[in-house]
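Undergrad: fold the stuff below for me.
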Amino acid sequence: MTRDGPPKISSGRAVLRCRVGELLHTTAEVNPEANSKNDQGEPHPDTKLLDRQGNVVGYREVKTIENPNQNAFMRQLSKATRQLRAKKTKINEIFFQVPKGSDAYKWLGDWQKQPGRDISNCRGYTVRIVDDTGEELGTYDLGDSGLHDVGKGGGGGGGDDSGYEDAMHQGMLNKERAMEREGF
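TA: Next comes the predicted model:
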């Protein structure tokens, strides 16, 4: 079973373990278009990222799978990249929560190696993967065929990342509240 959006379990802990320096000084906000579709028929991303002046500089899509299933992971990842590609912004991020014990690194590599997949179109698309206990499994650039964890050893510009953590946490809380209002 797959679900678009965060589960109610442990998302706060998972979010607080995440970091990417390029998102410093951005504010995450629930995307008011999230429940509608774009011109290509894809749903709009869940969260928009605003700079200090209030300009949209990027989008984040949140995906989860409840059972360790590679096909579901690959389907949801493909859907997220299509949703972000339609927005054509500088920052494109996918936050993906998988069940504990999932082999997400292998699944991600298999996704990249699918016939006809041109991963150069995904360069700069960051996917952060955590399990449902909040343990971070890695942060990867989808266009990097070597799948180096950009979250290790700096990778994100260094410095104080508390602004990003706050923005990520607030974005997740906002999405959870919106989902609760909608009866999810």
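Undergrad: ranges for the helices of this protein?
TA: In chain order, the chain shows helices spanning 11-16, 70-85, 104-112, 162-181, with DSSP state H as the criterion.
Undergrad: other SSEs contacting the longest strand anywhere in the chain?
TA: Taking DSSP state E as the criterion, the chain has its longest strand at strand 56-65. Helices and strands touching strand 56-65, as assessed by 3 or more Cβ pairs under 8 Å, 6 or more residues apart in numbering; DSSP states H and E, comprise strand 2-4, strand 47-50, helix 70-85, strand 91-98, helix 162-181. No exception for glycine: its C-beta is placed from N, CA and C like everyone else's.
Undergrad: now do that strand against strand 91-98, angle only.
TA: Counting by axes from the mean of the first three to the mean of the last three Cα atoms, to 10 degrees, strand 56-65 lies at 20 degrees to strand 91-98.
Undergrad: so strand 56-65 versus helix 104-112, what angle?
TA: Computed by the same axes, to 10 degrees, the angle separating strand 56-65 from helix 104-112 equals 110 degrees.
Undergrad: CA atoms only: put strand 56-65 into CSV for me.
TA: What follows is the C-alpha trace of strand 56-65 in CSV, where atoms were taken according to Å, rounded to 0.1, in the frame of the first residue of the first chain:
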residue,chain,number,x,y,z
VAL,A,56,9.0,30.5,-4.5
VAL,A,57,12.5,29.0,-4.9
GLY,A,58,11.6,25.3,-4.9
TYR,A,59,9.2,22.5,-4.0
ARG,A,60,9.2,19.4,-1.9
GLU,A,61,7.1,16.3,-2.4
VAL,A,62,6.5,13.9,0.5
LYS,A,63,6.1,10.2,-0.3
THR,A,64,5.6,7.2,1.9
ILE,A,65,5.2,3.5,1.5
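Undergrad: if you drop the residues flanking it in sequence, what lies closest to residue 117?
TA: Once its chain neighbours are removed from consideration, residue 117 has its nearest residue in residue 111; the separation is 7.4 Å (Cβ to Cβ, 6 or more residues apart in numbering).
Undergrad: check contacts around residue 102.
TA: If a contact means Cβ atoms under 8 Å, 6 or more residues apart in numbering, then residue 102 has 65, 68, 73, 131, 137 as its contacts.
Undergrad: isn't the second one up against residue 97?
TA: No: under the contact definition of Cβ atoms under 8 Å, residue 68 does not touch residue 97, with a separation of 11.9 Å.
Undergrad: in this structure, where is pLDDT below threshold?
TA: 1-24, 152-184 (pLDDT under 70).
Undergrad: one more time with 50, if that's ok
TA: Applying pLDDT under 50 to the chain flags residues 1-2, 5-22, 154-164, 166.
Undergrad: how many neighbours does the closest residue in space to residue 44 that isn't next to it in sequence have?
TA: In space, not counting the residues next to it along the chain, residue 44 is nearest to residue 33; the distance is 4.0 Å by Cβ to Cβ, 6+ apart. Applying the criterion other Cβ atoms under 10 Å, we find 14 residues in the vicinity of residue 33.
Undergrad: much appreciated, bye for now.
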